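Asks: sequence-free structure coming up:
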DNA sequence: CTGAAAGCGCTTACAG
DNA sequence: CTGAAAGCGCTTACAG
C-alpha cells in the first residue's frame, strides 16, 4: 500500500499525452497524471490499476509489480475526490476541538490523530474557539466532505451542529454530551469526581477559605457548559461534609482567554477577600492565577495553595509544579476512536463510555498558613 | 452564500424519492439529498441550482429564493467531492506544522486558519512531529486531496516532500526554506538577528558564562534544521565583539520533547560548569530550563538569567515572566497567505519575504550575580 | 434566464 | 485474472 503512492524521481519515458485532443475538451484538464495514463503505459485496463491501488487480491503478481513501477515512474497519485465520489464514502475522520492553544485540546487532538492514522483513516482537524457558530460551521464543512465520522471534542455544544449530524446520520462521538442517537455516542470524563477529590484534598489540608475561578467562554451563549456544571457539582459535593458556616467559598467567573482570565480573577479577588486556596477550572487558568499571586508577592503553596484541572504537560514544569486533576488523555482518544469506528463499521458498540479522573498531587498545595 | 448551506429543521414535504429505481442501481446510493433532488422539488434545472449555489449572477431573484428555500427544506449540503472533481480544483489550503503542542506552531496554525477562512478557503491541518517522513506523508495526502496550496510551517525539511510539491506544481510557502520554484516561496523570519539581540543583551548586562540549550529533533536526520543554524549564527555574531577568551560558552543539545529537554540540559549543566545565563532555542525549552534551575534552588534572574525564543503566550505568565525573542505571528500568517494565494491565483508575487524579530525584555534577565 | 449533455477521475459489478 | 461500461454528484460551456 505504501509503495503504491511512491513518487519516482525517474523520468517519464512515455510522457502521458493529453488523452482527449483539445477539440472536444473546452475545459483544461488537471494536467496531472490519471489512472488512465497509468493503465495505458502499463498496458493494462483501468480496473487492473484500480485493483492494485486498492490491494485487491485478483491481480497477477507480475502485473502488479509492473503497474507499481509505472505508478512510481509517472508520479501518479490517485485523486481522492474522484475515488471518494465513486466509493460513496471516505476514510476521513473529522476532529473538532475548542481551542488548539490549550494543551488539553492539543493533546487530545494529537492522540486522536495518531490513533486514526494508525487505523488507516485520515484526519481533518478544526478548532471552534468555543464558539457554537464555528462548531456549526465546522460540522457543515465536514458533512460536505462526507467524513466517515466526527470526534466532537469540544466543551461548548451547538444544538444545530448536533442536529446536522443526527439528521445526516453521520457517526459522531462527543466529549461529555447527554444526547445520544443511533450513530452518536459520548465519552464521559468524570470531572465531577475529579473536582470532588481536589476540593476534599484542600479541605482536609485545613483550608476554609477557597476561591473558585471559572472561565466561561463568552457570555453570549445561554446554558453553561456541561463540563463546568459537573465541576461545580463535584465542588459542592466536597463541601457537603462540612458545616456551611465553617467554610467560605468565593467564586469568580472570568470570561475570555484562560490564562489572562486566571490572572484577572486573582487580581480582583486579592482586593476583595481572603482566601488560602484557589481552585481553577483548568491548568491554563491556574497558570494565570499563579502568575497573579506571585506577582502580588505571595508564595505558593505557603501563602496560597493552587490546584488546576486537566494535568496538561505544563503542570510539572510550573514553579511550583501544579497539583491538578488528571483526565486520561490516551484512554480518552482510544475510547473515542473505538466508539467512532464502531459506528462507522456498523458494529455493536456501547454509546456511552465513562472514564475516571484522579488527583495528581504536586507541590502547589499544602496546609493553609497559620492564622494571625 | 451562507444561507445556501442552511439546514432546515423544517420537514420534507416531498421527501426525495430515490431517483433511480433499484433495478438499475446495484450500489447503494449515499442516501443523502443531491442537487438533483433540489432541482426537482424546486422545479428548476440542475444548472439553475448550481447557479444559486455558486452565486452566479444569472438566476432570477425569485427563482433564487425558491431554490434557497428548497435547499433549506431538504437540508441539502453539496458534496464537496463531486464539486471539486467537476471544478478540477479545490479551495482547500493544507497547513502543516511540526508540533501542535508547541504554542509557537499552534499560534501560527490558528492565525493561518483564520486568514484562510476569511478568504474563503477551507483548511486542512496536519502535524509532523518533526519527522521528515511524516512531512512526506502529509504532502502526499494533501496532493491526493488536490489542495490549492500548502503552507509548510515546519522546522524540519523533507527533500522528497519538496520534490512532490515542485513536481506537481502545487503552490507552497515554506517557513525558512532556501529552495525556490515557480510556485514555491518562503517566508523568512530573521531568527539570526533575534538571537543576536538576545545574546548581545546578555553580554551587555555583563554575562560572560553562557549556556546555550539546543533541542535538535531526533539525531536521525542528517542536516541540522535551518532555523537552528540561523540562531547559532546570531549567537556567534554577538560574540564577535568580544575577546573569545573573555566569554565562556557552553552548548548542550538535548533531543526530544522540548520542556523535558530543557530540564535535562540544565540538570546536566549544573553538575558540570558555571554559567550565569541560559539561552534557549525556544520558549518551551526555557520553561523546562527554568524549572530545572528553580528546582535546584536557584533564583531567576538573580542567580541565573534566562532567555527564550518565540514569544509564545506562555512567556508573560511564567515566574518570572520570560525575556524572549518575538517573531511576528500575525504578520507571518498574513505574509504566508498572501504569497500562497498569490501563487494560487497566478498573480505576480514575490517568492521571498523577510520578517524581522525583536527582543522582548521581561523579568528573567538581569546582571549576573557578583563573583565571589 | 434556463435546460440537456458532456465530463471530472475514479470504483465496481458484470461479462468474458 | 482482465476489460468495457455505468455511475458517483457535481460544474460548465453551449444552445435555446
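Replies: Everything's here; your move. From a predicted model like this one, the values you see are computed outputs, not experimental measurements. Numbering: from 1, shown residues only, chains lettered A, B, ... in the order given.

Asks: where do the helices of the stretch 51-200 of chain A begin and end?
Replies: In the stretch 51-200 of chain A, helices defined by DSSP state H, counting those that start in this stretch lie at A:61-74, A:80-87, A:103-118, A:132-144, A:159-167, A:191-205, listed in chain order.

Asks: got a markdown table for the ones you listed, with distance to residue B:156 too?
Replies: C-beta here means a position set from N, CA and C on the backbone, and glycine is covered the same way. Formatted as a markdown table, the entries for these read as follows, by distance: least, CB to CB, whole Å:
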| stretch | distance to residue B:156 |
| --- | --- |
| helix A:61-74 | 24 |
| helix A:80-87 | 25 |
| helix A:103-118 | 17 |
| helix A:132-144 | 29 |
| helix A:159-167 | 35 |
| helix A:191-205 | 37 |
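
Asks: for the stretch 51-200 of chain A, what lies in contact range of DNA strand D?
Replies: By CB under 7 Å from any atom of the strand, the residues of the stretch 51-200 of chain A that approach DNA strand D are A:51, A:57-60, A:63, A:82, A:85-86, A:88.

Asks: repeat the analysis, applying 10 Å as the threshold.
Replies: Taking CB under 10 Å from any atom of the strand, the part of the stretch 51-200 of chain A that reaches DNA strand D is made up of A:51-52, A:56-64, A:66-67, A:81-88, A:144, A:146.

Asks: where do the strands sit along chain A?
Replies: When assigned using DSSP state E, the strands of chain A occupy the ranges A:92-97, A:122-127, A:149-153, A:172-175, A:184-189, A:209-214, A:248-253, A:277-280, A:305-307, A:324-326, A:352-355, A:358-360.

Asks: OK, contacts around the residue lying closest to residue A:242 once chain neighbours are set aside?
Replies: Setting aside the residues directly before and after it, residue A:242 is nearest to residue A:203 in space (CB to CB, 6 or more residues apart in numbering or on different chains), at 6.4 Å. Contact partners of residue A:203, counting by CB atoms under 8 Å, 6 or more residues apart in numbering or on different chains, are A:238-239, A:241-242, A:247.

Asks: relative to residue B:340, how far out is residue A:203?
Replies: Counting by CB to CB, to the nearest Å, the gap between residue A:203 and residue B:340 amounts to 55 Å.

Asks: equivalent analysis for residue A:256, please.
Replies: Using CB to CB, residue A:256 is found at 31 Å from residue B:340.

Asks: comparing these two, which residue is more hemmed in?
Replies: Under the neighbour definition other CB atoms under 10 Å in any protein chain shown, residue A:256 and residue B:340 were set side by side, and residue B:340 has more, 28 against 13.

Asks: just to check, the more buried one is in contact with residue B:174?
Replies: No - between residue B:340 and residue B:174 there is no contact under CB atoms under 8 Å: 10.4 Å.

Asks: how about stretch A:120-135 and DNA strand C, any contact?
Replies: No - interface with DNA strand C: stretch A:120-135 contributes nothing (CB under 10 Å from any atom of the strand), its closest point being 14.0 Å away.

Asks: could you list the buried residues of that stretch?
Replies: The neighbour-count criterion (16 or more other CB atoms under 10 Å in any protein chain shown) identifies A:121-132, A:134-135 as the buried residues of stretch A:120-135.

Asks: shaky segments in the stretch 251-372 of chain A?
Replies: Scanning the stretch 251-372 of chain A for pLDDT under 70 picks out A:372.
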